[in-house]
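# After the sequence you'll find the predicted model.
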Amino acid sequence: MRAIMPALALLAALAGGTGAGAAGVRPPPGAASCTGCHAEGSAMGVLAGRPEAEIVGALDAFRTGARPATIMNRIARGFDARESQAIAAWFAGQGPR
């Protein structure tokens with residue numbers, strides 16, 4: 001059993017995501033909340049693969065009120081500029097689905 005545990009740990013470490021942007025990196029805090037409405041097949045539009053600057057710009061516009069919204073303005077205010085940048089970079093790196 002002792003010999004198996006290190007092997008399992010190694011397998012778990014190597015089993016990270018595949019595909020663009022994944023590289024075994026977890027999504028930044030807050031990104032998981034986006035997929036409820038912005039995943040593939042959603043009516044709200046898919047975020048994966050969109051340009052980073054586009055996502056950051058949209059979040060900033062929602063946060064400041066420059067882009068009117070019913071829900072996104074409240075969600076965007078929950079992220080600071082650094083968090084918005086991290087979320088945008090992660091989604092941009094996911095590539096189109």
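Noted; the coordinates are in hand.

# Can I get stretch 77-86 as PDB, trimmed to CA atoms?
In PDB, the C-alpha atoms belonging to stretch 77-86 read as follows (Å, rounded to 0.1, in the frame of the first residue of the first chain):
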ATOM      1  CA  ARG A  77     -19.300  44.800  -8.500                       C
ATOM      2  CA  GLY A  78     -18.200  41.700  -6.500                       C
ATOM      3  CA  PHE A  79     -14.900  41.600  -8.400                       C
ATOM      4  CA  ASP A  80     -12.100  44.100  -8.200                       C
ATOM      5  CA  ALA A  81      -9.900  44.900 -11.300                       C
ATOM      6  CA  ARG A  82      -7.400  42.200 -10.400                       C
ATOM      7  CA  GLU A  83     -10.000  39.500 -10.000                       C
ATOM      8  CA  SER A  84     -11.700  40.600 -13.300                       C
ATOM      9  CA  GLN A  85      -8.400  40.400 -15.100                       C
ATOM     10  CA  ALA A  86      -7.700  36.800 -13.700                       C
END
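
# Mind listing what's buried along that stretch?
Across stretch 77-86, burial judged by 16 or more other C-beta atoms under 10 Å covers 79, 84-86. Every residue, glycine included, has its C-beta placed from N, CA and C.

# can you put those residues in a markdown table and add pLDDT and distance to Gly30?
Shown next, in a markdown table, are those (pLDDT from 0 to 100; distance: C-beta to C-beta, whole Å):
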| residue | pLDDT | distance to Gly30 |
| --- | --- | --- |
| Phe79 | 95 | 6 |
| Ser84 | 96 | 8 |
| Gln85 | 97 | 11 |
| Ala86 | 96 | 8 |
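
# Let's see which of the residues you listed end up in helices.
When these are checked against helices (DSSP state H), the matches are 84-86.

# Please enumerate the helices of the protein.
Assigned by DSSP H, the chain shows helices spanning 4-14, 31-38, 52-64, 72-76, 81-92.

# quick one: contacts of the second one?
Read that as helix 31-38. Contacts to helix 31-38, defined as C-beta atoms under 8 Å, 6 or more residues apart in numbering, come from residues 44-47, 75, 86-87, 90-91.
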